[in-house]
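S.K.: fold the following.
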Amino acid sequence: MKKLQIIVSAVAMLTAWQPLSTTAQTVNVQTGEITYAFPAAQTGDMTYADASTLTILQKTFATSEVDQIYIDDSSVTDNTVDVSYSGSTAQVRVAGNVARYLDVVAKGGHVAIVQHNDLPDEITYTLKGTATQGSFYMDGSLKATLVLQGVSITNPDSAAINIRCGKRINVELADGTTNTLSDGQNGAQKACFAVKGHTEFRGAGTLNLTGNTAHAFWGKEYVLLKKSVGTINVLKAVGDGFNVNQYFEMRGGNVTINNVGDDGLQLSYKTDDNEQVIPLSEDEDNTALFTLTGGTLNITTSAAAGKAIKSEGSVQVDGGELIAKVSGSYTYASGDASYAACVKADDTFTLNGGTLTLTPSGLASRGVSANTIVTNGGTLKITGSGAGQIANNTTYTAKGLKADATIALNAGDITITMSGTGGKGIKSSGTYTQGLADGTGPTLVVNTSGSQLGSSSGGGGGRPGGGGWGGSSSTSSSSKGIKVQGAITLRGGTTTVSTKTNGAEGLESKTSITVEGGQHYYACYDDCINSAGAITFAGGATVCYSNGNDAIDSNYGRTGAITIGDGAVFAYTSKGAPEEGFDCDNNSYIQITGKGIGISAGASQGGGGGGWGGGSSSSTISNAAQGYAFVTSSISYQAGRYYTLADASGTNLVTYSFPVAVSSSLGLFTAKGMTKGSSYTIKYSTSEPTDATTAFHGLYIGSTAKGTTSVTSFTAK
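M.R.: Numbering: from 1, shown residues only. Take a look at the predicted model:
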């Protein structure tokens with residue numbers, strides 16, 4: 001009765017009250033831990049009915065629930081709700097103009113707010129203080145802004161923040177603040193911080209997330225990180241660091257994800273209630289696209305088959321920086337293997353700009369794995385140390401770039417280093433293209449140093465994949481620089497590929513290889529270039545140096561196995577017999593169709609017939625477009641000498657040099673200007689040409705330099 005009398009008196013006073021000054025004054029109605037703050041200028045008539053209810057701005061209170069009503073000089077901002085946490089309690093302050101549109105419940109440190117469907121304006125919710133046992137829950141049908149202003153929430157039972165409103169939610173990390181969220185173990189929540197709608201992060205503060213049951217952050221719809229975002233740290237997650245539907249776009253900020261039990265960031269298509277993917281015709285945002293345009297994203301995961309970034313759609317990097325480390329092993333179940341990867345896209349990975357530093361180290365792990373890989377710019381560095389393993393009568397090996405369909409390296413600065421057993425720098429199950437038609441392209445460096453995984457049942461080199469004529473065992477796998485099932489086309493750019501172990505070829509295709517432009521250098525233990533089909537040099541400059549096998553090896557087995565068009569190719573091996581510069585089963589299979597340069601140095605296989613390289617099987621190339629010669633005299637090439645092929649008048653056609661001593665008993669020479677029946681000489685000097693228009697790994701084109709010491713001479717066919 002006493003409380004009712006106090007309220008009646010307060011209402012009477014308020015009804016008669018008139019402001020006495022210009023100072024802003026606020027009428028505060030407190031019910032438990034919730035205070036509704038009505039600006040005095042807005043209150044108008046306040047209705048007190050039947051001694052049981054009080055109505056202010058169409059918000060009706062049961063007098064039995066009102067603890068106090070007071071007037072102060074505090075200000076209140078329309079469309080706001082402030083939540084202040086302290087230990088196991090929370091105080092909520094609701095702006096009077098939106099009081100009638102909200103159902104607010106505060107029990108201890110747990111705050112739940114439901115917005116009415118007729119709410120006219122977006123509300124800004126501000127959270128601050130520390131809750132040792134608390135949470136924040138919000139639902140409704142209108143977008144909202146959530147300001148984290150130095151808040152720390154630990155919920156021992158469920159999510160720290162759970163936003164069930166399926167609309168756009170602005171999450172602002174207040175400048176200069178640190179915000180920390182942690183959820184409970186063994187709960188039913190999807191994440192420590194869960195948002196049913198689409199989330200847009202902004203503000204220069206810091207957010208720390210710990211997911212003790214599942215993910216650190218879950219979003220049923222897209223997540224956008226604005227340029228203004230400060231720092232987001234995933235300190236731990238039992239599941240994923242970020243688990244998001246529709247798309248994820250990062251324009252700025254510093255995001256670090258560590259200690260996750262699964263993927264760092266997993267992006268999926270949004271599904272309906274029947275778990276069916278919602279088509280783009282119904283949801284234009286449902287692209288499952290990850291986009292990085294700015295900021296720094298740093299992800300580390302050690303989970304088995306864990307991915308730093310995993311997308312059911314595509315991954316696109318336009319700018320910013322991605323640093324990713326994965327150390328988990330592959331997994332095998334029900335006949336399927338799943339691999340740890342720094343980036344995994346079910347559709348396309350596209351690099352247009354930015355910097356990626358990827359470090360896969362788990363068994364058979366990948367740097368980038370996708371259906372299609374495209375680079376148009378940017379910097380990509382992959383350092384893989386994951387070993388291979390033989391299990392289930394199958395080899396599992398690490399790859400720097402792995403594509404199921406197509407790889408197109410159009411531009412960019414790309415460095416791939418693989419040191420694990422059987423590791424591949426680049427692997428495409430489809431086709432591989434490099435550079436553009438204008439001759440431009442990437443700067444590509446691939447180094448593999450891992451030894452062969454398992455043992456080969458074949459007899460050495462000769463066939464694609466190592467192994468020799470009998471083929472390689474199904475339980476062995478050699479390291480490779482670039483291995484492709486389909487056709488390879490090199491249009492431009494600069495390539496440097498090195499391998500160091502048995503069976504480790506530089507560039508391999510099961511179909512065909514065509515060089516149309518660019519400059520390409522292969523320094524390999526095994527074959528530098530190897531194809532089951534034709535190998536064509538139609539442009540650019542290619543230098544191949546093998547110290548353990550053939551320099552260039554085609555197993556096409558017919559005319560056109562190796563074709564020299566308008567390109568330049570310099571191929572040699574320091575292995576000695578029986579390895580060759582050009583190996584195509586029969587010298588007559590070589591074609592000269594243009595005005596290019598072809599120089600090879602290696603051993604003669606001896607003996608007639610197709611056999612191995614057919615060193616003496618034929619000395620004739622049919623329908624050659626220019627003069628050529630097979631030189632079978634023994635030449636002992638020495639490092640530090642520059643050998644010039646010149647015509648009878650001494651005109652330099654091409655100069656070449658070797659980094660090591662090479663003994664050649666079979667060499668092919670052809671160059672622009674050579675004609676059938678004319679005489680040519682090879683002489684050397686010890687001075688490097690300085691006027692060459694092209695100087696590339698011992699190949700000098702366009703120089704006027706002359707040799708001074710005779711080596712050999714011949715007549716062109």
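S.K.: ok, the closest residue to Ala99 other than its chain neighbours to Gly44 distance?
M.R.: In this structure, Ala99 finds its nearest non-sequential neighbour in Lys59, 3.9 Å apart by Cβ to Cβ, 6 or more residues apart in numbering. Backbone N, C-alpha and C define where each C-beta goes, glycine included. Separation of Lys59 from Gly44 (Cβ to Cβ, to the nearest Å): 12 Å.
S.K.: which one of the two has more residues nearby?
M.R.: Neighbours were counted for Lys59 and for Gly44 using other Cβ atoms under 10 Å; Lys59 has more, 18 against 10.
S.K.: distance of that one from Thr43?
M.R.: Distance check for Lys59 against Thr43: by Cβ to Cβ, it reads 10 Å.
S.K.: which residues do those two both contact?
M.R.: Counting by Cβ atoms under 8 Å, 6 or more residues apart in numbering, the shared contacts of Lys59 and Thr43 are Gly96.
S.K.: any stretches of the stretch 401-550 of the chain with poor pLDDT?
M.R.: Along the stretch 401-550 of the chain, the model assigns pLDDT under 70 to residues 456-474.
S.K.: just the strands in it please.
M.R.: In the stretch 401-550 of the chain, the strands defined using DSSP state E, counting those that start in this stretch lie at 424-428, 431-434, 443-448, 480-484, 488-490, 494-499, 507-509, 513-515, 519-524, 529-531, 535-537, 541-546.
S.K.: take these and lay them out in a markdown table including mean neighbour count and distance to Leu280.
M.R.: Listed next are the strands of the stretch 401-550 of the chain as a markdown table, based on neighbours: other Cβ atoms under 10 Å; distance: least, Cβ to Cβ, whole Å:
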| stretch | mean neighbour count | distance to Leu280 |
| --- | --- | --- |
| strand 424-428 | 28 | 28 |
| strand 431-434 | 24 | 27 |
| strand 443-448 | 23 | 35 |
| strand 480-484 | 29 | 32 |
| strand 488-490 | 25 | 32 |
| strand 494-499 | 24 | 38 |
| strand 507-509 | 28 | 36 |
| strand 513-515 | 26 | 37 |
| strand 519-524 | 25 | 41 |
| strand 529-531 | 30 | 40 |
| strand 535-537 | 27 | 41 |
| strand 541-546 | 27 | 44 |
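S.K.: quick one, helices of this structure?
M.R.: For the chain, applying DSSP state H gives helices covering 2-16, 40-43.
S.K.: which of these has the lowest average pLDDT?
M.R.: The weakest mean pLDDT among those belongs to helix 2-16, with a mean of 48.
S.K.: next, the distance between the ends of stretch 301-320.
M.R.: Taking Cα to Cα, to the nearest Å, the first and last residues of stretch 301-320 lie 20 Å apart.
S.K.: which stretches of the chain have low pLDDT?
M.R.: For the chain (pLDDT under 70), the answer is 1-23, 456-474, 604-618.
S.K.: quick one: the residue nearest to the spatial centre of it and Gly230, what's the gap?
M.R.: Residue closest to the mean C-alpha point of the chain, counted by Cα atoms, centre = their mean, is Val343 at 4.3 Å. Look at Val343 and Gly230: by Cβ to Cβ, they are 25 Å apart.
S.K.: returning to what we had before: let me see the contact set for the residue nearest to Ala99.
M.R.: Per Cβ under 8 Å, 6+ apart, neighbours of Lys59: 36, 96, 99-100.
S.K.: turn those residues into CSV, columns for distance to Lys167 and neighbour count.
M.R.: Below are the contacts of Lys59 laid out as CSV (distance: Cβ to Cβ, whole Å; neighbours: other Cβ atoms under 10 Å):
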residue, distance to Lys167, neighbour count
Tyr36, 24, 27
Gly96, 24, 22
Ala99, 21, 21
Arg100, 20, 16
